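> Let's see this in three dimensions:
(one chain, ligands or ions: 2)
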Amino acid sequence: MPERQEAPGPRTLFDKIWESHVIVAKEQGPSLLYIDRDIIHEGSFHAFADLRRRGLKVRSPRQVFGVPDHYVPTNSRSASGAATPEIARMIDTFDENMQWSGVRHFRLDDPRQGIVHVTAPEQGMVLPGFIVVCSDSHTSTNGALGALAFGIGQSENAHVMATQALWQVKPKVMRITVSGERRPGVSAKDVILAIIATIGAAGATGHAIEYAGPVIEAMSIDERLTLCNMSIEAGARCGMVAPDDTTYAYLKGRPHAPQGEIWTKAEQYWRSLPTDPGAVFDAEVHIDGSQIEPMVTWGTSPETAIRIGDAVPDPAAQKDPVAQAAMRAALQYMGLAPGMPLEGVPVDMVFIGSCTNSRLHDLREAARVLAGRKVRVPTWIVPGSGLVRREAEEEGLGRIFVEAGAQWMLPGCSACVAMNGDVVPNGKRCASTSNRNFVGRQGPGARTHLLSPAMAAAAAVSGTITDVRRLELAKA
Ligand SMILES: CC(C)[C@H](C(=O)O)[C@@H](O)C(=O)O
Ligand code: SF4
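Ligands and ions are numbered 1, 2, ... in the order given. Model prediction:
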């Protein structure tokens with residue numbers, strides 16, 4: 001494989017953004033990068049403690065945005081509604097840090113509040129060509145807008161807040177091309193689950209992913225956000241999609257997007273960002289998009305996604321003893337047996353939400369299935385932001401959810417990570433639109449099956465894991 005060329009040869013989207021942000025580059029070492037945006041949530045208390053201890057201030061508060069999400073209650077809009085005093089304290093501490101630093105704060109009672117990775121793109125905080133950081137692994141979501149967006153730790157967060165710059169080692173670049181056309185009933189969630197199932201949970205370790213090809217180009221921004229969100233579940237540092245007309249149409253008029261003449265200049269620059277023809281990637285993956293089907297995970301890693309019609313795999317067929325033991329442990333935790341079909345497995349509850357699948361597009365998908373039907377198991381529907389919730393109300397989706405018997409809640413991370421008190425009970429099985437099915441992720445002993453919003457809604461109305469295409473046919 002030829003060496004990847006540096007400027008002025010053909011360059012990738014990633015290279016262009018990286019190179020335009022380098023302040024200092026150490027030979028063979030990390031580079032000091034200029035950071036355009038730092039988006040923070042309650043986890044930032046470590047970083048603020050660090051700043052205070054060292055007598056530092058936030059250097060550029062206008063480039064930092066604070067959104068509480070992990071600990072916020074989903075049944076009330078004030079910290080006093082939190083599940084425990086400790087959780088309320090996390091929200092109050094964030095409030096205090098926002099006041100101390102002068103960072104813009106999207107408080108609980110602000111309709112723009114939501115999950116950081118929903119609020120940030122929605123408000124136009126993320127623009128093509130930007131470097132965006134957030135002390136959260138799913139920051140990769142924002143790469144959907146043609147930005148370089150990655151998660152950082154809290155000491156790095158303190159560094160960024162104090163200097164607006166960050167030392168980073170340049171990752172390699174992987175292009176994942178999804179060709180063909182998506183079949184009906186196949187969502188962006190299915191595409192990313194199929195990608196992770198193909199390359200593995202460590203398949204993109206050390207890489208930045210660029211998603212390309214006709215299936216990606218045809219996706220809306222909401223769908224691209226879902227796709228890039230789970231890049232981290234394939235081990236990648238970040239995921240991105242080249243900006244195009246879909247991106248510009250999405251961004252135009254957003255509160256923090258440029259306007260007038262500055263927009264015109266910005267768009268001209270954005271149009272120079274896509275990967276040049278002939279640019280060489282460190283790794284290339286090709287997926288036939290027309291072969292992708294609705295996916296569901298059976299195990300305790302997102303890479304255990306299989307097609308809805310497939311049977312749970314048999315560990316005996318796995319030659320590697322370590323992998324075999326891991327499969328057995330996962331099956332035991334999940335209460336499943338080798339060879340059984342996933343379709344028809346009863347679920348105890350359904351969670352539709354998280355930064356993967358809580359945007360308007362996702363709620364529409366769920367509503368299409370729920371309309372005129374009743375849920376058979378407790379179903380939590382948690383919009384990604386107050387604005388998503390409002391729009392969903394205006395479109396009548398909220399009414400569909402309530403009439404179906406689902407719980408239509410207030411925005412936050414909720415049961416995705418179970419830090420706010422929304423917990424899947426021990427041993428219970430949850431069909432979930434979130435991004436992680438790790439042991440204990442949704443609560444101690446909770447069993448998580450990752451799937452798309454339409455598939456989650458299908459599980460809600462049938463009480464079992466169900467191929468949504470079957471339900472839709474029945475309706476037609
Ligand atoms: C709690 C937070 C730092 C964490 C992350 O980094 O992703 C969470 O958002 C998650 O999804 O596991
Ligand atoms: S919704 Fe889930 S994955 Fe996303 S930031 Fe919150 S906890 Fe992390």
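> what about stretch 228-242, how long is it end to end?
End-to-end distance for stretch 228-242, by CA to CA, to the nearest Å: 12 Å.
> oh, I was asking about stretch 234-245
In stretch 234-245, first residue to last residue: 28 Å (CA to CA).
> Could you do stretch 56-65 as well?
For stretch 56-65, the separation between the terminal residues is 18 Å (CA to CA).
> what about that stretch, distance to the chain center?
In this view, stretch 56-65 has its centroid 25 Å away from the chain centroid, taken as CA atoms, centre = their mean, to the nearest Å.
> Buried residues, it. List them.
Neighbour-count burial for stretch 56-65, counted by 16 or more other CB atoms under 10 Å, picks out 58, 63-65. For every residue, glycine as well, the C-beta is placed using N, CA and C.
> count of residues packed around the residue in the stretch 51-200 of the chain that ligand 1 sits nearest to?
Using CB to the nearest ligand atom, the single residue of the stretch 51-200 of the chain nearest to ligand 1 is S137, 3.5 Å away. S137 has 16 neighbouring residues, counting by other CB atoms under 10 Å.
> nearest spatial neighbour of it, skipping sequence neighbours?
G151 (4.2 Å; CB to CB, 6 or more residues apart in numbering).
> how far away is R53 from H46?
11 Å (CB to CB, to the nearest Å).
> out of the two, which sits in the busier spot?
Neighbour tally, R53 and H46, criterion other CB under 10 Å: the higher count belongs to H46, 14 against 9.
> got a list of what that one touches?
Neighbouring residues of H46 by CB atoms under 8 Å, 6 or more residues apart in numbering: 154-155, 157-158.
> Name the SS class of it, please.
Using DSSP: H, G, I helix; E, B strand; the rest coil, the structure places H46 in helix.
> which regions of the stretch 51-200 of the chain lie under the pLDDT threshold?
Within the stretch 51-200 of the chain, not a single segment meets pLDDT under 70.
> now the stretch 251-400 of the chain
Within the stretch 251-400 of the chain, no range satisfies pLDDT under 70.
> Test my guess that the residue nearest to S137 contacts S135.
Yes - in this structure, G151 is within contact of S135 by CB atoms under 8 Å, at 6.8 Å.
> Show me which of the two is the more surrounded one.
Each of G151 and S135 has its neighbours counted (other CB under 10 Å); S135 has more, 23 against 18.
> pull the longest strand from the chain.
strand 172-179 (DSSP state E).
> what lines up beside that one in the sheet?
Strand pairing for strand 172-179, using DSSP bridges, gives strand 207-212 (parallel), strand 283-288 (parallel).
> Stretch 185-200 vs ligand 2: in contact?
No - if you take CB under 6 Å from any ligand atom as the test, stretch 185-200 misses ligand 2, and the best it gets is 13.3 Å.
> Would you mark the buried spots in that stretch?
By neighbour count on 16+ other CB under 10 Å, the buried set for stretch 185-200 is 185-199.
> Stretch 196-214 now?
Across stretch 196-214, burial judged by 16+ other CB under 10 Å covers 196-199, 201, 203-204, 207-213.
> May I have that stretch exported as CSV, CA atoms only?
In CSV, the C-alpha atoms belonging to stretch 196-214 read as follows (Å, rounded to 0.1, in the frame of the first residue of the first chain):
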residue,chain,number,x,y,z
ILE,A,196,-19.4,-2.8,14.1
ALA,A,197,-20.4,-6.4,13.7
THR,A,198,-18.2,-6.6,10.6
ILE,A,199,-15.0,-4.9,11.8
GLY,A,200,-15.4,-5.6,15.6
ALA,A,201,-15.4,-3.5,18.7
ALA,A,202,-11.7,-2.9,18.3
GLY,A,203,-11.8,-2.8,14.5
ALA,A,204,-11.0,0.9,14.2
THR,A,205,-8.7,1.3,17.2
GLY,A,206,-6.2,4.1,16.7
HIS,A,207,-8.2,5.4,13.7
ALA,A,208,-10.4,8.3,12.7
ILE,A,209,-13.2,7.0,10.5
GLU,A,210,-14.5,8.7,7.5
TYR,A,211,-17.9,7.3,6.4
ALA,A,212,-18.5,7.5,2.7
GLY,A,213,-20.5,6.1,-0.2
PRO,A,214,-24.0,6.4,-1.5
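> Up against ligand 2, what does the stretch 1-150 of the chain have?
Checking the stretch 1-150 of the chain against ligand 2 by CB under 6 Å from any ligand atom, the hits are 69-70, 115, 117, 136, 138.
> ranges for the helices of the stretch 51-200 of the chain?
85-101, 116-122, 154-163, 188-199 (DSSP state H, counting those that start in this stretch).
> got the domain boundaries for the chain?
13-284, 297-475 (automatic domain parsing).
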